[in-house]
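Asks: Next comes the sequence, and after it the predicted model I'd like to discuss.
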Amino acid sequence: MEECIFCKIISKDITASIVYEDERMIAFSDINPQAPVHILLIPKEHFPSLNEIPEDKKDILSHILLKAKEIAREKEIADRGYRIVLNTARESGQEVLHIHFHLLGGRQMSWPPG
Ligand code: AMP
Ligand code: ZN
């Protein structure tokens, strides 16, 4: 998607602080971090949100989640605890319409979320 900011990060038209990349996904630091560790993990294929992920693409979700677990370990937040957030559509507060998981950690989280 030409106008999608996360597709531009994938194509390297916009720079980001990339934490991990492979043929299917990329992870990079959030530009406006809400915790000491705040990393976004996205598939390279453009889907606006979880609502648009078809059954035959479900493997990308587990791939990203397990990579989030590895990154949490590398960032030394795995044992302390971390939160993975997947905002979906308007009332969740999703602003960028390219599906992305937030990996947040390094501070005490509260519940319920705002
Ligand atoms: P959401 O509200 O779930 O759509 O989250 C979008 C996230 O993308 C926010 O946390 C933003 O800070 C982050 N973001 C937006 N533009 C960029 C960018 N160019 N590089 C890194 N993170 C970004
Ligand atoms: Zn995109």
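Replies: Alright, I've got the coordinates. Ligands and ions are numbered 1, 2, ... in the order given.
Asks: Could you use CA atoms for every contact and neighbour count after this?
Replies: OK.
Asks: Beyond the longest strand along the chain, next helix or strand please.
Replies: Using DSSP state E to define each element, the chain has its longest strand at strand 37-43. Note on strand 37-43: by DSSP states H and E, the next helix or strand toward the C-terminus is helix 59-74.
Asks: So which other helices or strands are in contact with that next one?
Replies: Counting by 3 or more CA pairs under 8 Å, 6 or more residues apart in numbering; DSSP states H and E, the packing neighbours recorded for helix 59-74 are strand 37-43.
Asks: rounded to a whole number, what's the mean pLDDT of the strand it packs on?
Replies: Throughout strand 37-43, pLDDT has a mean value of 98.
Asks: send the alpha carbons of that strand over as CSV?
Replies: Provided in CSV are the C-alpha atoms of strand 37-43 (Å, rounded to 0.1, in the frame of the first residue of the first chain):
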residue,chain,number,x,y,z
VAL,A,37,10.4,-1.2,25.9
HIS,A,38,7.9,-0.5,23.2
ILE,A,39,8.3,-2.4,20.0
LEU,A,40,5.9,-2.8,17.1
LEU,A,41,5.8,-6.1,15.2
ILE,A,42,4.1,-6.2,11.8
PRO,A,43,3.7,-8.6,8.9
